[in-house]
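Peer 1: how does the following fold in three dimensions:
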Amino acid sequence: MRAYKLVKNGKSTEAFQVEEKPTPEPGAGEVLIQSEGFGLNFADVMARLGIYKDCPPLPTVIGYENVGHIKALGEGVEGLKEGQRVLAFTRFGGYADHILTPAMGVTPIPEDLSVGEATALATQYMTAYYAVEECLNLHEGDYALVHAAAGGVGTALIQILKNKGVTIFGTAGSPQKLNYLKDLGVDYPINYREKDYLEEIKKLGFERKIDATFNPIGGDYVKKDYALLNAGGAVVIFGASKMTEARGNPFKMIKLLFGFGFWSPIKFVTSSKSLIGLNMLRIADFKPTTFQRCLKGVVSLVEKGIIKPTVGKEFDHTQLADAHTYLESRKSIGKVAVKW
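Peer 2: Numbering: from 1, shown residues only. Presented below is the predicted three-dimensional model:
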């Protein structure tokens, strides 16, 4: 089997080396999958840059999601069969043409989904589904703010929230992305490069009326989001992409960390607002039944036509460095995937 190892932090052109090694056999409760391709997430970029805490020590194979066909089943696996096309969530190890993963992270998918569409359903749509369906209880007429709304998780959040009748504010950084948000049904697209989203939402008359914000950026965006919340509202934090801007600069990193703010439980009680942290790796580790419920829920929404992933670009595996550079550039819309 082939796998791309992360051997060095830094530039994508220098970070990966392809390695040939024996194809493993599945153990009890595991599934061996011959991969058609894998998806990229911003956490992969942060791992490459050396600023993702959960990344195993180098050299290592990163990656969270694969699509392919089952090649072998370990002892005790039920509900799956050899030859079945499946989506698989992997706890690293995803940049390989064969993967081993626990059966609880595997679900059958339709044959007509592309690699990009299928892999988007794992980390990105799972994150969005868990955030909306498990963390919150939003209703028709509620208001939500989605940051990085043109990205993979942003697209997923918008589709799930629109199905609930939620009014959506979405931030993006280019006219092309704003047009994309309008096509998705975002009610108030905001170019964060040209306008301060906090002031823009205030001008529109929605200060202290937002019921939920979805934040993969971190830093002072957390405090700004909190200022917009209505009573009962929540900021859901599922990333800290601002860390890539502060990498290598201790002063910027300190400013970033202070930007998150210092929070007292009393503040949450008196305002009836909350901050919710979300890391799907932790959910997979400690709440496997919840994780599997979300995985099946996402696939069900696809089959019903409620959600449809947008694919920004698919790369050949020999272009892995280009795929990383493209995702890091923040020019991508929707899912970025790599095919074998």
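Peer 1: quick one: low-confidence parts of the stretch 51-200 of the chain?
Peer 2: Along the stretch 51-200 of the chain, no part satisfies pLDDT under 70.
Peer 1: show me where it has strands.
Peer 2: 65-73, 85-89, 98-102, 106-108, 143-146, 167-172, 188-191 (DSSP state E, counting those that start in this stretch).
Peer 1: out of those, nearest to V222?
Peer 2: The closest of those to V222 is strand 143-146. By Cβ to Cβ, the value is 12.1 Å. Glycine gets a C-beta too; all of them are placed from N, C-alpha and C.
Peer 1: my read: A323 touches V338, true?
Peer 2: Yes: at 5.4 Å, A323 and V338 qualify as touching, with contact defined as Cβ atoms under 8 Å.
Peer 1: the stretch 201-340 of the chain: strands as residue ranges?
Peer 2: Under DSSP E, counting those that start in this stretch, the stretch 201-340 of the chain gives strands at 210-215, 229-237, 274-277, 311-316, 335-339.
Peer 1: rewinding a little: okay, and the common contacts of A323 and V338?
Peer 2: 40, 315 (Cβ atoms under 8 Å, 6 or more residues apart in numbering).
Peer 1: for this protein, what's the longest helix?
Peer 2: Counting by DSSP state H, the longest helix found in the chain is helix 288-303.
Peer 1: from the chain's centre, how far out does it sit?
Peer 2: Centroid separation for helix 288-303 versus its chain: 15 Å, with Cα atoms, centre = their mean, to the nearest Å.
Peer 1: average pLDDT for it?
Peer 2: If you average the pLDDT over helix 288-303, you get 92.
Peer 1: ok, now stretch 235-249?
Peer 2: 78.
Peer 1: first-to-last residue distance for that stretch?
Peer 2: 27 Å (Cα to Cα, to the nearest Å).
Peer 1: in the sheet, who's paired with T107?
Peer 2: Taking DSSP bridges as the rule, T107 bridges to L87.
Peer 1: can you give me the domain boundaries for the chain?
Peer 2: Here the domain parsing of the chain from automatic domain parsing is 2-121+309-339, 125-280.
Peer 1: show me the contact partners of stretch 275-290.
Peer 2: 54, 89, 91, 102, 104-105, 123, 126-127, 130-131, 134-136, 222, 226, 234-238, 263, 268, 291, 294.
Peer 1: who's more crowded, A323 and V338?
Peer 2: Each of A323 and V338 has its neighbours counted (other Cβ atoms under 10 Å); V338 has more, 27 against 23.
Peer 1: quick one: contacts for that one?
Peer 2: Contacts of V338 by Cβ under 8 Å, 6+ apart are 37-40, 95, 314-317, 319-320, 323.
Peer 1: would you mind confirming that K8 makes contact with A47?
Peer 2: No: counting by Cβ under 8 Å, K8 does not reach A47; the two are 11.9 Å apart.
Peer 1: if I look at K273, how far off is A240?
Peer 2: K273 sits 20 Å away from A240, going by Cβ to Cβ, to the nearest Å.
Peer 1: which of these two has more neighbours?
Peer 2: A240 (22 against 19).
Peer 1: can you pull the phi/psi pair for that one?
Peer 2: When read as degrees, to the nearest 10, the backbone of A240 gives phi -150, psi 60.
Peer 1: that one touches N215, doesn't it?
Peer 2: No: between A240 and N215 there is no contact under Cβ under 8 Å: 9.1 Å.
Peer 1: ok so, going back, filter the contacts of V338 to the buried ones?
Peer 2: 37-40, 95, 314-315, 317, 320, 323 (16 or more other Cβ atoms under 10 Å).
Peer 1: contacts only, for the residue nearest in space to the middle of the chain.
Peer 2: Nearest to the mean C-alpha position of the chain, by Cα atoms, centre = their mean, lies Q124 at 3.4 Å. Residues near Q124 by Cβ under 8 Å, 6+ apart: 39, 41, 151-153, 155-156, 309, 335.
Peer 1: what sits closest to it if chain neighbours are left out?
Peer 2: Spatial nearest neighbour of Q124, chain neighbours left out: G152 (3.7 Å); criterion: Cβ to Cβ, 6 or more residues apart in numbering.
Peer 1: that neighbour and G27, how far apart?
Peer 2: Counting by Cβ to Cβ - G152 and G27 are separated by 31 Å.
Peer 1: more neighbours, the two?
Peer 2: More crowded of G152 and G27, by other Cβ under 10 Å: G152, with 32 against 12.
Peer 1: my understanding was that the more buried one contacts L327; is that so?
Peer 2: No: between G152 and L327 there is no contact under Cβ under 8 Å: 9.5 Å.
Peer 1: would you turn the contacts of V338 into a markdown table with distance to G305?
Peer 2: Below are the contacts of V338 laid out as a markdown table (distance: Cβ to Cβ, whole Å):
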| residue | distance to G305 |
| --- | --- |
| G37 | 23 |
| F38 | 25 |
| G39 | 21 |
| L40 | 26 |
| Y95 | 31 |
| E314 | 22 |
| F315 | 28 |
| D316 | 30 |
| H317 | 31 |
| Q319 | 32 |
| L320 | 32 |
| A323 | 29 |
